[in-house]
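this one's structure only:
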């Protein structure tokens, strides 16, 4: 239970940070009624739609979660998944939808992040890619250090008991 609350708080923190810098559209809401809660995004052909979501609450795996194309056909079904990620390149322009509907009587909390990256035929420059790789390696190193510190603190706490 604490892990779920902690991960949701972390997701909300990251969501808030990204919202501040304008990188994504972030939303938190409750599934109160047994009806479809749909969120729409209008895109052009070749745009990349990125959606991540997290569901919490009693019976958090009992939510019908589906991603639809402009013709109302289900592209992906994420039902029973508490966390998910959509990465879809639009084959046709129009309105795509991400929908949630609870399948039991329990209220659920959903955190949803949506971002559309405009499609482009421009290729990345090698120096840009190298710069990103260098930054990612630095982040990985920092995260490894944090993990080691947490493990040391955990081991120290166990030893003290």
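Right, received. Where do you want to start? Small disclaimer: the values here were computed from a predicted structure and weren't measured.

quick one, phi/psi of the spatially most central residue of the chain?
With distances taken as C-alpha atoms, centre = their mean, the chain has residue 52 as the residue nearest its mean C-alpha position (2.1 Å). Backbone torsions for residue 52, taken as degrees, to the nearest 10, come to phi -130, psi 150.

in the sheet, who's paired with it?
Counting by DSSP bridges, residue 52 forms beta bridges with residue 85, residue 113.

ok now do it, which residues does it touch?
Residues near residue 52 by C-beta atoms under 8 Å, 6 or more residues apart in numbering: 83, 84, 85, 86, 112, 113. Any C-beta I mention is one placed from the backbone N, CA and C, and that applies to glycine too.

hang on, residue 39 packs against residue 110?
No - in this structure, residue 39 is not within contact of residue 110 by C-beta atoms under 8 Å, at 9.8 Å.

these two - which one has more neighbours?
Neighbour count, other C-beta atoms under 10 Å: between residue 39 and residue 110, residue 110 has more, with 22 against 17.

and the more buried one, what helix or strand is that in?
Assigning secondary structure by DSSP states H and E places residue 110 in strand 108-117.

quote the end-to-end distance of stretch 89-103.
Terminal residues of stretch 89-103 lie 29 Å apart, using C-alpha to C-alpha, to the nearest Å.

show me the contact partners of it.
Residues outside stretch 89-103 that contact it (C-beta under 8 Å, 6+ apart) are 31, 34-49, 51, 53, 55, 59, 62-71, 75, 86, 88, 108, 110, 112, 114, 119.
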